[in-house]
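Engineer: sequence below, structure please.
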Amino acid sequence: MDTEMLEHESESCCSTAEPGRKSHHSDKVKNSLLNRLNRIEGQVRGLKGLIERDTYCDDVLNQISSVQSALNGVGKLLLEYHLKSCVIERIQEGDSEVLTELMITMNKLIK
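Structural biologist: Presented below is the predicted three-dimensional model:
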């Protein structure tokens with residue numbers, strides 16, 4: 001389903017014409033990412049509640065793992081959009097600097 005959204009993403013992702021590049025995702029893609037982040041936000045609030053209620057540490061750690069996994073999922077999806085639109089576009093424009101930027105970002109993501 002998310003890959004289907006990507007295929008319909010025809011707008012330019014990252015404008016290099018303006019200082020401080022911006023992404024230009026379709027409303028469908030943006031809403032999908034925001035919905036995922038809203039669910040994650042709820043999970044984090046739930047973690048706070050577990051700590052406040054003195055929930056057993058192992059249970060809290062398992063919930064933390066779930067939040068990290070959900071964030072990784074959002075990161076992977078956004079990376080896919082970025083690669084298939086922003087990065088390709090900048091390479092086609094002759095901007096090879098995007099590869100250095102991409103490697104730095106990927107190293108941060110896979111720590």
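Engineer: rest of the way, CA atoms for contacts and neighbours
Structural biologist: OK.
Engineer: nearest spatial neighbour of the most centrally placed residue in the chain, chain-adjacent residues omitted?
Structural biologist: In the chain, the centroid-proximal residue (C-alpha atoms, centre = their mean) is residue 75; its distance is 3.1 Å. Nearest residue to residue 75, sequence neighbours excluded (C-alpha to C-alpha, 6 or more residues apart in numbering): residue 109, at 7.7 Å.
Engineer: quick one: the helices in this protein?
Structural biologist: Counting by DSSP state H, the chain has helices at residues 2-7, 27-52, 57-81, 88-92, 97-109.
Engineer: may I see the buried residues of the longest one?
Structural biologist: Read that as helix 27-52. 29, 32, 33, 40, 43, 44, 47, 50 (16 or more other C-alpha atoms under 10 Å).
Engineer: quick one: contacts for the fourth one?
Structural biologist: If I follow you right, that is residue 40. Contacts for residue 40 (C-alpha atoms under 8 Å, 6 or more residues apart in numbering) come out as 67, 70, 71.
Engineer: can I have the buried ones of these as a PyMOL selection?
Structural biologist: Buried residues among the contacts of residue 40 (16+ other C-alpha under 10 Å), as a PyMOL selection:
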select buried, resi 67+70
